[in-house]
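# please work out how this folds:
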Amino acid sequence: MLNHIFFKYNRDIMLVLQSEDGRIIRANDAAVWTYGYSREELLSLKMKDLCVDSDIPLVGEKPGGIFETRHRCKDGSILQVEVSSQYESLSEKTVILSVVRDISQRKKVEAALIASEERFRRLAENAPDIIYRLKLLPEPHFEYLSPATAKIMGCRPEVLYRNFDILTLLSHPEDPQDLAEIFAGDGQTVDTARLVRPDGRIIWLEFRRVQLPDQEGRPLAVEGIVRDITERKKLEDELRRAKIQAEKDRERAECLAATDPLTGLLNRRAFMDRLEDEYNRTQRQGDSLSIILGDIDRFKRVNDTYGHSAGDFILHQFALCLTKTCRLYDILGRYGGEEFIVCLPETAPKEALTIAERMRQAVENQSFDLPGSSASIRITASFGVSFLDKETEKTISELINEADEALYRAKSEGRNRVASAAGN
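Okay, the predicted model is just below:
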């Protein structure tokens, strides 16, 4: 789920929590340094033990699970933090990954913006994030950009002072809003957007801002902070890819569990599950249902004459032959050994016998060239057919037993033929 090096050395606090009770089960080095606890002490705590505020959720209600709260360090000091939490899968268990960022300094800067523009400037000079003031009238233009602008955006503040519209050129073409609109936003939401630096590198930015009105309540200016969240986005993408891969692995495992590895058909258990579903549907709707049980004639001779590898090849080719003669909605499975079974939904006896005869002829008319050998094998197969309609009451076992009895009769009457169940 997590890149070990990224997790261990990330400058943000990263915690993995049990989803049931919020107990900390993994903590990176930043967590140890920041909170002042040893790793063993942290692993004995729950997330609520760090929280100053009560009723704080493990995963936030806003998109991305981001929320703000306060954490208490071991020495009693209080941290204002931003917690980004989401459910993830780790070793087939659902856990919570929490990325905790100390935003105490940022909160101080935000308070300074309201109290004193001069104090705001002094604090902003050393801030790692972009801090800006944007005048909206008569045309949008920057009044202040912190030195971090050059490092993050790859563009010196002086360039943006002269030309506000350059933000449109730096906007990512696939984003719904360009950067000029976001910088001038009203601050109702925390926005994210991509920026294409002059060197071609694409980064993610997070915008937090407040719109300042004039005396008449009209928007006059915007003050805000822009943070480079590229690394956080990479982590989110990594987690998303891991989740997608885990889902693919689960689907593949389910497919393997239901598939006969030699023929690629449904195995007996998976076929019986599908047959039960179809049987129940037939009973509810009063439709007809037919079963074909097919068996390769004298298959032991193939193994004895050409070896088991040749026998496996014939089984695989026989399965392909049956698949080609089945309809798209028929259900085909390997019943065991050289026996194969087909469920024919909504199929009356006459049509089922026609399909079984088509299968018999397809097998009889095909020649199978053994791989790695000049030998060519011709085989035949026998088929037994049973039926179910709204006038008859049969269990699944009875339906299969009737098809098996018909198959036995086809064998005893000379093989390479189709027989129907007695009484049909």
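
# which parts of stretch 9-20 are buried?
Going by neighbour count (16 or more other CB atoms under 10 Å), the buried part of stretch 9-20 is 10, 12-18. (Glycine included, C-beta is placed from N, CA and C.)

# show me these that map onto strands.
Counting by DSSP state E, the buried residues of stretch 9-20 place 13-18 in strands.

# number of nearby residues for residue 197?
By the measure other CB atoms under 10 Å, the count of residues near residue 197 is 13.

# tell me, what's the model's pLDDT at it?
pLDDT for residue 197: 91.

# begin at 785, not 1, for the rest of this chat.
New numbering, starting at 785: the last item is residue 981.

# tell me the spacing between it and residue 1178.
72 Å (CB to CB, to the nearest Å).

# ditto for residue 922
Relative to residue 1178, residue 922 is positioned 87 Å away (CB to CB).

# which one of those two has more residues nearby?
Ranked by neighbour count (other CB under 10 Å), residue 922 and residue 1178 place residue 1178 first, with 17 against 6.

# tell me the secondary structure for that one?
Under DSSP: H, G, I helix; E, B strand; the rest coil, residue 1178 falls in the coil class.

# could you dump the buried residues of stretch 793-804 to TSV with distance to residue 1166 and pLDDT?
Converted to TSV, those look like this (distance: CB to CB, whole Å; pLDDT from 0 to 100):
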residue	distance to residue 1166	pLDDT
794	67	85
796	69	89
797	70	91
798	65	90
799	65	91
800	60	91
801	62	90
802	59	89
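
# and which of these is nearest to residue 1027?
Lowest distance from residue 1027 to those (CB to CB) belongs to residue 800, with 14.8 Å.

# neighbours of the nearest residue to that closest one once chain neighbours are set aside, just the number please.
Of all residues not flanking residue 800 in the chain, residue 810 sits nearest, at 3.8 Å (CB to CB, 6 or more residues apart in numbering). Using other CB under 10 Å, the number of residues around residue 810 comes to 18.

# residue 797 is in contact with residue 810, correct?
No: Residue 810 is not in contact with residue 797 according to CB atoms under 8 Å; the separation is 11.6 Å.

# pLDDT averaged over the helix or strand where residue 1095 lies - what is it?
In this assignment (DSSP states H and E), residue 1095 forms part of helix 1092-1109. Helix 1092-1109 shows a mean pLDDT of 92.

# so which residues make contact with that helix?
Counting by CB atoms under 8 Å, 6 or more residues apart in numbering, helix 1092-1109 makes contact with 1046-1049, 1078, 1080, 1083, 1086-1087, 1116, 1118, 1122, 1124, 1126, 1139, 1142-1143, 1146-1147, 1150, 1152, 1154-1155, 1157, 1159, 1161, 1163, 1165, all of which sit outside it.

# list the buried residues in that helix.
Going by neighbour count (16+ other CB under 10 Å), the buried part of helix 1092-1109 is 1094-1095, 1097-1103, 1105-1106, 1109.

# list the buried ones in whichever helix or strand comes after that helix?
Later in the chain than helix 1092-1109, the nearest helix or strand by DSSP H and E is strand 1115-1120. Along strand 1115-1120, these residues count as buried under the neighbour rule (16+ other CB under 10 Å): 1115-1119.

# ok, residues contacting strand 1115-1120?
Applying CB under 8 Å, 6+ apart, the external contacts of strand 1115-1120 come out as 1044, 1046-1047, 1049-1052, 1054-1055, 1058-1059, 1062, 1077, 1103, 1106-1107, 1110, 1124-1127, 1129.

# let's see it at 7 Å
The contact list for strand 1115-1120 (CB atoms under 7 Å, 6 or more residues apart in numbering) reads 1044, 1047, 1049-1052, 1054-1055, 1058-1059, 1062, 1077, 1103, 1106-1107, 1110, 1124-1127.

# separate out the buried members of these.
Listed as buried from those are 1044, 1047, 1049-1051, 1054-1055, 1059, 1062, 1077, 1103, 1106, 1110, 1124-1127; burial here means 16+ other CB under 10 Å.

# and the residues you listed, which of them are in helices?
1054-1055, 1059, 1062, 1103, 1106 (DSSP state H).

# low-confidence ranges, this protein, go.
Across the chain, the ranges flagged by pLDDT under 70 are 785-788, 839-840, 842-849, 900-906, 1039-1040, 1206-1208.

# for it, longest helix please?
helix 1014-1042.

# quick one, it and strand 1115-1120 angle?
Taking axes from the mean of the first three to the mean of the last three CA atoms, to 10 degrees, one finds that helix 1014-1042 is oriented at 60 degrees with respect to strand 1115-1120.

# show me what counts as buried in helix 1014-1042.
1014, 1016-1017, 1019-1020, 1023, 1026, 1042.

# show me what stretch 855-865 is in contact with.
Contacts for stretch 855-865 (CB under 7 Å, 6+ apart): 819-821, 834-836, 852-854, 884-888, 891.

# equivalent analysis for stretch 978-992, please.
937-939, 954, 956, 959, 963, 966, 969, 974-977, 1008-1014, 1017.

# okay, and which of the residues you listed map to strands?
975-977, 1008-1012.

# I'm done for today, thanks for sticking with me.
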